[in-house]
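**Q** Show me the folded form of this:
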Amino acid sequence: MDTADERNGEYAPIRDLEIPQLGKFDKPLPCFGCGIGWFSFLLGFAFPLMWYYATILYFGNYYRKDPRERAGLAASAIAALICTIAVMITIFVIIL
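**A** The predicted model follows:
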């Protein structure tokens, strides 16, 4: 690994000649190592707007920068959908 990549904060690809997929990213994920998607998913139970923020990142293809983010962002998008449906049903019941 080149130390110049480490100082720049970029992902440093580690190549293995036999298995090219092995050790693709050396740098840990942001937000305490769990990634923005899972961090937003967990924080969304207290602040549901975080689910919508992660949904925007998911549909904006943020996971192409780091494919490890995809699962967490998708979970947040699903949680945002469920939250939206629950709020709409609640409003519908209150109005009627």
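**Q** Scan this protein for its longest helix.
**A** Counting by DSSP state H, the longest helix found in the chain is helix 70-95.
**Q** Buried residues of that helix, list them for me.
**A** Under the neighbour-count criterion of 16 or more other CB atoms under 10 Å, helix 70-95 has Arg70, Gly72, Leu73, Ala74, Ala75, Ser76, Ala77, Ala79, Ala80, Cys83 buried. The way it works is simple: take the backbone N, C-alpha and C, and place the C-beta from them, glycine included.
**Q** so where does the most centrally placed residue in the chain fall, helix or strand?
**A** By CA atoms, centre = their mean, the chain has its centre lying nearest to Gly37, at 2.2 Å. Assigning secondary structure by DSSP states H and E places Gly37 in helix 35-43.
**Q** For the residue nearest to the centre of the chain, which non-adjacent residue is closest in space?
**A** Of all residues not flanking Gly37 in the chain, Gly72 sits nearest, at 2.3 Å (CB to CB, 6 or more residues apart in numbering).
**Q** wait, isn't that neighbour in contact with Gly44?
**A** No - checked against CB atoms under 8 Å, the pair Gly72 and Gly44 is beyond contact range at 10.8 Å.
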